[in-house]
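Enquirer: Fold the following and give me the result.
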Amino acid sequence: MAKPLVSDDLWAAIEPLLPRERPKPRGSRPRLPDRAALTGILFVLRSGLPWEMLPAEMGCGSGMSCWRRLRDWQEAGVWAALHRALLERLQAAGRIDWRRAALDSASIAAKKGGEAVGPNPTDRGKPGTKRHLVTDARGTPLGLTLSGANRHDSRMLAPTLDAVPPIRTGHRGRPRRRPGKLHADKAYDHRRCRQECRARSVTPRIARRGVESSTHLGRHRWVVERTFAWLARFRRLTIRYEHRADIHLAFTTLACALVCLNQIRRFC
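Expert: Sure thing, here's the model as predicted:
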């Protein structure tokens, strides 16, 4: 028997974060259950199929209903809250390695244009989007931002570091959101990037142009590339089909949360 798309542990994590259903007048059509809507969202995320091709036999309602729920939960901050909650579970188990972090970006084609889209200099100027990601030493995604494909990586170092949510440690004191060291490739070899790291009490470990070889990723930077490979398993993320940046960010944040859930199953 096939495993359900919405597992019990995922549903237990997300159910307390969902906004309450608004009361409806009597005689109106029943609202699609939240778990069914989440099943439809995950099916589209994993399969990459268009919303209108969502199979009716799955009991997820129409694709438009699931799209609206994805949009509404993004506006309510559900996906970011889910990501943070799963990170806090990893932190409580001592499974976030704050000693080192790795930061990098990856470009994908943006077929429909829209927000956070620009001409990709590596793809003959076709419209594209960049995902900027920072992970811990185990490859757990900590922070994520989007930009146009023509945006230089170095300009997104600070926003991506600031995208890491404050994560409670389970002890007294402030929540943590900064790694000890940050590893990045030569695209970030600028004085500004090192200053931005030090201003956040992060030690920069950035490859230097003309000094270090480009033939390998290094001992610590490879983990972020592996995390990008994990995200690429979600077929909806291999090409950006969403015109709206918030919808694409919702899908990507949900995928990062699912990676964190896999880390919990693996280490906790």
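Enquirer: Do a quick rundown of the helices in the stretch 51-200 of the chain.
Expert: Along the stretch 51-200 of the chain, counting by DSSP state H, counting those that start in this stretch, helices occupy 63-75, 78-92, 157-162, 191-199.
Enquirer: buried set for the third one?
Expert: Meaning helix 157-162. Leu157, Ala158, Thr160, Leu161 (16 or more other Cβ atoms under 10 Å). The C-beta positions use only the backbone N, C-alpha and C, and glycine is treated the same way.
Enquirer: How about the longest one?
Expert: By 16+ other Cβ under 10 Å, the buried positions in helix 78-92 come out as 78-91.
Enquirer: Repeat that for the first one.
Expert: The neighbour-count criterion (16+ other Cβ under 10 Å) identifies Gly63, Ser65, Cys66, Trp67, Arg69, Leu70, Trp73, Gln74 as the buried residues of helix 63-75.
Enquirer: May I see those organised as TSV, with distance to Pro16 and pLDDT added?
Expert: Formatted as TSV, the buried residues of helix 63-75 follow (distance: Cβ to Cβ, whole Å; pLDDT from 0 to 100):
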residue	distance to Pro16	pLDDT
Gly63	26	94
Ser65	22	94
Cys66	21	96
Trp67	23	97
Arg69	17	97
Leu70	19	98
Trp73	13	98
Gln74	17	98
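Enquirer: Tabulate the residues you listed (JSON lines), appending distance to Tyr188.
Expert: Shown next, in JSON lines, are the buried residues of helix 63-75 (distance: Cβ to Cβ, whole Å):
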{"residue": "Gly63", "distance to Tyr188": "40"}
{"residue": "Ser65", "distance to Tyr188": "42"}
{"residue": "Cys66", "distance to Tyr188": "38"}
{"residue": "Trp67", "distance to Tyr188": "36"}
{"residue": "Arg69", "distance to Tyr188": "37"}
{"residue": "Leu70", "distance to Tyr188": "32"}
{"residue": "Trp73", "distance to Tyr188": "33"}
{"residue": "Gln74", "distance to Tyr188": "29"}
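Enquirer: ok, the residues you listed vs Ala12, which is closest?
Expert: Closest approach between the buried residues of helix 63-75 and Ala12, by Cβ to Cβ: Trp73, at 16.6 Å.
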